[in-house]
Structures are given as C-alpha cells and as structure tokens.
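1. After the sequence you'll find the predicted model.
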Amino acid sequence: MPAQSLNRRSMLLGTGAAALLAHRAGAAALNPALPAGTREEAITVVLPGKQPLIKLSWRPPNYETPLEGFTTPLTANNQFFVRYHLANVPTEAELANWSLTVGGEAAGSEVKFSLDDLKGLPVSEVTAVCQCSGNRRGLFSPHVPGVQWGIGAMGNAVWRGVKLSDVLAKAGVKPGAVEVAFRGADGPVVEATPVFRKSIPLDRALDGSVLLAWEMNGEKLPIWNGFPVRVIVPGWTGTYWIKHVTRIDVLAKPLDNFWMAKAYRVPRGVFPATQPFVTQDNEKTSPITEIIVNSLITAPLDGAAVGAAGFTVRGLAWDGGQGIAKVDVSLDGGANWDAAALGEDLGRFAFRPWSFAAPAGRTGSLTVLARATNAAGAVQPAKLVANPAGYHHNVIAAITVTAG
Amino acid sequence: MKALVVLALLAATPAMAANGPAPEELVTLKPAAGLEVVNQNCGGCHSLDYVRMNAPFLNADVWKAEVTKMRNAFGAQLTDADAAAIQKYLTDNYGPPAS
C-alpha cells in the first residue's frame, strides 16, 4: 500500500482510507505545554514489532513511549522509545551477517568479532535507564528547535552482553589512547551528511561499566533499539549508546566531528558531572554526559478526578548513577512536602519506583508535585535550566487533580 | 463481508509484521510560494513532519539557522537562492504568528 496523505479530520471521521492505514493507532494524550505543531503532528503509530508509540517523525523514525509505558520500573521492549538521527536505518535481514571490528590508531591490532565470538566472553548484565539527551525538549519554555519530545524519550531495561573492556583487551590498547569511538550500521541518506559516530573517554571504556549488549529484558534487541548489539553507557544520555554497533576505534586524539564538537553540547559548568569528559571540553561548552536527577508522576493522570477519601500518587525517579535518596511529594503546589515510599531498588542506574498515599480530607483542585533527590544531594529544580539545545529538562513536574 | 476484506488487508499490511521498514505517510505542507523548493530539497533526507513539529515558534533567524545547519553540517546541496526561498517559506508559513 503506498504512503498516503491523510489529514486528521478524515481519520477522525473514520473514512475507509483511514481504516486501511493499519499503522495508525490513534490520537496521543499530549501535554498542552508541547508546541501546537507537535500536538497536531504526534499520533500513535505501530512500528513493526512495537506497541503503539507516539510518532514525532516518520523518517528518520523518532517515537516516544506513552505515559502508560512507565507504570512498571522496567520498560517493555515493545514500548521502548525509538530515536534515529539519520534515515538510512538497517533491517534485521541486512544485519544477518553482522560483525564487529575493533581497531583504530591506538589499538594494538584489529580484531573482528562475530556475535558468537562476543558470546564466548564473560557475560555481564546491568539495569540502566537509556534517556535521550533531549527528552522533554518539547516542554522547554521558550521552545527550542529539535525533535519535540514529551516525557517518553527514555526507558529502563536489563541489558546483557559483554564488557567493552574485555573486547578492547582482545585488540590491545596502546599508550597514548584517549578515547574510544563507536559507529553503527545506520547511516545518512547522502554522503555529505556526517555519519553518526560518538566517542567516550578511555577511562570510562576501560572501567568495566560499559557493555556491548545483545539482550534487552531477556530477549534479543528489537531492531529499533539496536539489534544485534548496541553500546550501553550506564548513567550517560542515550547519544553514546550506539545502536547496531559495527566498528569500535581506540583513538589517540579526541574525536572531532559534528556529533561530538557541535551537537550534544551544554554550556560549560552548568551541569557538573562526577566524571567529566575533559578531552571534549572547549572554552564555552562541554559534551552532555551524565543523566541528571529527575522524576515522573505516572498516577493519577493529569486532570483526573480522585477520591476525597485519599488517593495514591505513583511514579519513577532516576539519575546518572548516584542512586535516588528520596522523593518528596507536595499536594499543595509546593508549600508542603512529604516523603514518598521508595519501591524496589533495581540498581543505581535504574528507574526507582515510588508511591505516596495522599490522606483523606482534601477536596477541590490540587496541584501535585514530585521532587527527587539523589544520593549526592542533587535535587530537581523548580525552574528550567535553560540551554540552547534543549537538554537535561528535569524541572519538577506538576499535575492537577480534582479531589471530591 | 466488507469487514472481512478490511481484516485481510490489515493482516497483509507490512506495518503489522514483526519485521519491516518504518511506516510513512506523505506529509503535505501548506501550499504557498516556495513549497516546491522545500519539497525538492528537504524531503529526501527527512520527512517534512520535522517542519510542522517545530511550529509555530521559530522566528526568521532560527529558521535561517536551521537551513544553514542543513547546508553546513548535514551537507544539503542548496543554491543560495533556494536556501533563501526555503527560509522565507518556513518563516512565513511555520514561524510565529505575526503580532
């Protein structure tokens, strides 16, 4: 069936043509703070192998997880968000003969690995949040250009694979190495577009925390999330988590390309990191690295009616690996705060569920806030920390409910 | 009978398979001067919902910066005249409403 132009009205009217567009799942529940154009554009669509996700762009495919995907601390593979920069996305069939080459100017030798070769190395596992640097960009005020993500460009999964350090040991690392660079099988449409290649500091590559994963929540990786193998950099934003990784280079010089030097940068000093990426710092900006402390309210829904006899506020909290120390909830717009109960600890890089039993006795409109604090004392701000590219949105979120 | 036909078509739609490319619907931007230049030069590398999603809040300077980024960073091969036409189209049709 050829792609068809279809306006929203004809879909809502349920014309025959609309019914045949099987990938359309319906209208998305969207935050009114998103740009008007985004709210018109974002519909729920079924990508092959996925549940309905919120489509932001068809090509390259950029889809976020709806709020209901975050009612559990692990995000289901078929609800996990999808983010590509460039539209040449490989199919699973094209990756049937996948291999990984490890080399580069500061590697001892060049070594090629099949998936079976990797699986022959000691296996390692981590539960970690993969969050797009620009998650919640669409909620920036004033708005900034880019993919206008709502709350769902993130997910938490159990990633199983091998340590990057074990793979690098097979090739050897020469003195003078500074960074390790990754590229994947996805690429640009035209040759003049820079391939999506990213690097991490050598220290991070060798400390055993970075994985090359072939399994996500006990299953092979969905194609949209990096089949057959992706890079897992726990605690760092998704930009470093290269999908379909085919080439790893040990570099003697910092990687200098558009994706490192121009994109994914934050004003220097504004978002201090515990492990700064110093080889990529310049005078004015630093590369975005660690996820900053954040939380999400998953219940009740914004605008919901709740009982005067009390109700439960639930959600998730996460950060870049310090771990969540506490989550406080306010039922009166921030005047008073009480501690929520923290749920199961799936690890310091994972979503931490929390809940708060709001007592009986309140009626009328309530502004409910949740505010997470991590183990290092970092706390979500009341006011957006503005930055030109729209990264690291971690403002305390508010919902309004009516009790009665 | 009609329902059966629809069901059969649904089952045969590639989007319903576990494998296959991402679905895509043609995105039609507002008809206005310059649309042809936009369609010819922008849609090859990305779907045009990128434009509608980023509206209506980018002013002339920011739309110009976006077009410049597409030329300088992403390698879009545009003549200066086409770049100017695209900037004008985006600003006029997807910029902030005139105050």
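-> Happy to help now that I have it.
2. Show me the helices in chain B, by range?
-> All helices of chain B, identified by DSSP state H, fall at B:2-12, B:35-42, B:49-53, B:60-72, B:80-94.
3. which residue does the stretch 251-400 of chain A bring closest to chain B?
-> Distances between the stretch 251-400 of chain A and chain B by Cβ to the nearest Cβ are smallest at A:Phe258, namely 5.1 Å. Just so you know, the C-beta spots here come from the backbone N, C-alpha and C atoms, and that holds for glycine as well.
4. Show me which residues of the stretch 201-350 of chain A sit near chain B.
-> Contact residues, the stretch 201-350 of chain A versus chain B (Cβ under 8 Å from any Cβ of the partner chain): A:Ile223, A:Phe258, A:Lys262.
5. quick one: which of these is most hemmed in?
-> A:Ile223 (27 neighbours; other Cβ atoms under 10 Å in any protein chain shown).
6. Isn't that one up against B:Asn19?
-> Yes - with contact defined as Cβ atoms under 8 Å, A:Ile223 reaches B:Asn19; the gap is 7.1 Å.
7. list the residues that contact both of these two?
-> Each of A:Pro48, A:Gly49, A:Thr91, A:Glu92 lies in contact with both A:Ile223 and B:Asn19 under the rule Cβ atoms under 8 Å, 6 or more residues apart in numbering or on different chains.
8. okay but the last one is in contact with A:Ile223, surely?
-> Yes - contact status for A:Glu92 versus A:Ile223: in contact at 4.9 Å, counting by Cβ under 8 Å.
9. what touches both of the two?
-> Listed as contacting both A:Glu92 and A:Ile223 by Cβ under 8 Å, 6+ apart are B:Asn19.
10. and A:Lys112, which of the three is it?
-> Here A:Lys112 is recorded as strand under DSSP: H, G, I helix; E, B strand; the rest coil.
11. Tell me what it is bridged to.
-> Beta-bridge partners for A:Lys112, by DSSP bridges, are A:Thr101.
12. so how far is A:Val167 from it?
-> 11 Å (Cβ to Cβ, to the nearest Å).
13. what do those two both touch?
-> A:Leu100, A:Val102.
14. how about the helices of chain B, which one is nearest A:Arg197?
-> Of all the helices of chain B, helix B:60-72 sits nearest to A:Arg197, with 18.0 Å by Cβ to Cβ.
15. The residue of chain B found nearest chain A: what's it in contact with?
-> Residue nearest to chain A within chain B (Cβ to the nearest Cβ): B:Gly75, separated by 2.4 Å. Listed by Cβ under 8 Å, 6+ apart, the contact set of B:Gly75 reads A:Pro188, A:Val190, A:Glu191, A:Ala192, A:Thr193, A:Pro194.
16. cool, and A:Lys174?
-> A:Ala106, A:Ala107, A:Gly108, A:Val250, A:Ala252.
17. how much space between it and chain B?
-> With the distance defined as Cβ to the nearest Cβ, to the nearest Å, A:Lys174 ends up 32 Å from chain B.
18. pLDDT score for that residue?
-> pLDDT recorded at A:Lys174 is 98.
19. How about B:Pro14?
-> 42.
20. again with the one 10 residues further on
-> pLDDT, the model's per-residue confidence, is 96 for B:Glu24.
21. Next: A:Pro228.
-> What the model reports for A:Pro228 is a pLDDT of 98.
22. Please name the nearest non-neighbouring residue to it.
-> Nearest residue to A:Pro228, sequence neighbours excluded (Cβ to Cβ, 6 or more residues apart in numbering or on different chains): A:Trp98, at 5.2 Å.
23. Let me see the contact set for the one you found.
-> A:Trp98 touches A:Ser114, A:Leu115, A:Ala185, A:Pro228, A:Val229, A:His244, A:Thr246, counting by Cβ under 8 Å, 6+ apart.
24. measure the first one to chain B for me?
-> Summarising the geometry, the distance separating A:Ser114 from chain B, computed by Cβ to the nearest Cβ, is 21 Å.
25. From A:Pro228, how far off is the nearest residue to that residue once chain neighbours are set aside?
-> Closest residue to A:Ser114 apart from its sequence neighbours, by Cβ to Cβ, 6+ apart: A:Ser99 at 5.5 Å. Plainly put, A:Ser99 is 10 Å away from A:Pro228 if you go by Cβ to Cβ.
26. and if you look at A:Ile291?
-> Distance from A:Ile291 to A:Pro228, by Cβ to Cβ: 25 Å.
27. Please say which of these two ends up with more neighbours.
-> A direct count of neighbours by other Cβ under 10 Å for A:Ile291 and A:Pro228 places A:Ile291 higher, at 25 against 22.
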